[in-house]
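>>> with the sequence up front, the predicted model follows.
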Amino acid sequence: MPLVSIAMAVYNGEKYLRKQVESILRQTVSDFELVMTDDCSTDGSWQLMQELAAGDRRIRISRNTANLGFKDNFQKAISLCTGEYVALSDCDDMWTPDHLEVLLATIGDKAMACANSTFIDADDKPLGTTLKYQESFDGVPSDDMAKFRSIILFRNTYQGAAMIMRRSFVDVALPIPGEMRYHDTWFAALACFCGGINYSARSILNYRRLETSVTGLRTKRKSKLYRFLHTRFDADRQDILDAITKRLNGSLTDSQWRMIRDVSRILTIYKEKGADIRIYAYELRHYKSIYNCDITHWI
């Protein structure tokens with residue numbers, strides 16, 4: 001059994017796939033398997049995957065019989081992994097040589113570790129920013145329930161492409177509920193209740209931003225003040241809350257139940273007309289953990 005399994009979801013990734021695989025094969029941690037699943041690509045991705053697998057015994061490949069979409073394609077790749085830890089990989093990024101080394105050193109006794117990434121363009125040129133900066137991720141709450149509050153009420157800042165998970169956590173997290181929009185948001189939110197998350201501000205991959213990316217180009221820093229002044233109800237956050245409650249019912253601690261009830265109450269208020277004052281009061285009381293910042297980093 002390898003120490004680390006790397007689950008890579010591939011779809012029409014021929015242009016950058018070789019660069020990404022080569023960056024993985026240069027890792028300082030060499031005890032890994034790379035599990036690649038092709039989601040019925042229409043370019044030369046599958047042929048390239050076969051070529052790459054023939055050149056290194058650590059690479060295992062699979063091709064879906066029908067297009068699953070990026071979330072379920074990741075789930076397929078993860079389900080084929082056998083390692084003690086599972087790391088996730090997009091097919092168009094490039095890892096730094098110490099990508100796995102940093103994540104393994106960061107995870108400690110937690111269920112998951114995540115790290116920072118540097119934005120690059122289609123030609124591998126740095127865009128002068130990192131995901132940590134662009135997402136206004138200025139500080140990490142020490143308490144995992146506070147991390148969960150931020151994920152639900154602000155946004156998920158824990159990127160799948162810079163994520164590693166323990167096998168024991170993966171066994172709880174799969175299958176991904178069908179109503180989830182993003183696999184990494186589900187993993188991060190659930191991990192807060194199942195062992196927690198450690199984070200490193202070190203950049204461990206070159207994160208390629210393209211107009212065709214699932215999450216869009218996203219190169220400008222997001223204003224926390226704008227988000228504070230324009231609160232809105234996001235239905236998928238309620239879906240995450242409901243799915244966690246269903247998945248972990250019977251194993252939640254009293255403090256975890258209190259957080260679920262607290263966040264559920266706020267999500268209900270978000271839907272009410274004329275509730276801005278109550279929302280503002282709550283978010284000001286918990287601004288440090290919700291927005292991952294101190295009062296001087298709201299802009």
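Happy to help now that I have it.
>>> any low-confidence regions in this protein?
Where the chain drops to pLDDT under 70, the residues are 211-222, 231-233, 293-299.
>>> mind listing the helices for the stretch 101-250 of the chain?
Remark: helices assigned in the stretch 101-250 of the chain by DSSP state H, counting those that start in this stretch are 131-134, 144-153, 167-173, 183-191, 224-229, 235-248.
>>> how about the first one: buried residues?
Taking 16 or more other Cβ atoms under 10 Å as the basis for neighbour counts, the residues of helix 131-134 that come out buried are Leu131, Lys132, Gln134. In short, each C-beta sits where N, CA and C put it, glycine included.
>>> just name the closest of the residues you listed to Tyr182, please.
Leu131 (14.4 Å; Cβ to Cβ).
>>> Phe119 and Tyr133 touch, don't they?
No - at 9.1 Å, Phe119 does not count as touching Tyr133 under the criterion of Cβ atoms under 8 Å.
>>> hmm, who's touching stretch 15-32?
The contact list for stretch 15-32 (Cβ atoms under 8 Å, 6 or more residues apart in numbering) reads 2-6, 8, 10, 13, 34, 43, 45, 48-49, 52, 56, 58-59, 83, 87, 89-101, 104, 124, 208.
>>> can you tell me the closest non-neighbouring residue to Met180?
Computed as Cβ to Cβ, 6 or more residues apart in numbering, the closest residue to Met180 that is not its neighbour in sequence is Trp186, at 4.5 Å.
>>> restricted to strands, list the contacts of stretch 15-32.
The strands, defined by DSSP state E, take in Val4, Ser5, Ile6, Met8, Val10, Leu34, Ile59, Ala87, Ser89, Met94, Trp95, Arg208 from the contacts of stretch 15-32.
>>> and the first one, how far is that from Ala173?
When Cβ to Cβ, to the nearest Å is applied, the distance between Val4 and Ala173 equals 17 Å.
>>> which parts of the stretch 151-299 of the chain are strands?
163-166, 197-208 (DSSP state E, counting those that start in this stretch).
>>> what is the longest one packed up against?
Looking back up the chat, that one is strand 197-208. Contacts defined by 3 or more Cβ pairs under 8 Å, 6 or more residues apart in numbering; DSSP states H and E place strand 197-208 against strand 94-95, helix 99-107, strand 112-120.
>>> direction included, what does that strand pair against?
Within its sheet, strand 197-208 is paired with strand 94-95 (antiparallel), strand 112-120 (parallel), according to DSSP bridges.
>>> before we move on, what about the first one?
The sheet places strand 163-166 alongside strand 85-89 (antiparallel), strand 112-120 (antiparallel), with pairing taken from DSSP bridges.
>>> helix 183-191 and the shortest one, what's the angle between them?
In this case it means strand 85-89. 150 degrees (axes from the mean of the first three to the mean of the last three Cα atoms, to 10 degrees).
>>> the inter-axis angle of strand 85-89 versus helix 99-107?
Using the same axes, to 10 degrees: strand 85-89 against helix 99-107 is 130 degrees.
>>> can you list the buried residues in strand 85-89?
Buried residues in strand 85-89, counted by 16+ other Cβ under 10 Å: Tyr85, Val86, Ala87, Leu88, Ser89.
>>> can you tell me which of those is nearest Leu284?
When the buried residues of strand 85-89 are compared against Leu284 (criterion: Cβ to Cβ), the nearest one is Leu88, at 35.0 Å.
>>> now stretch 174-184, how far from the chain's geometric center?
12 Å (Cα atoms, centre = their mean, to the nearest Å).
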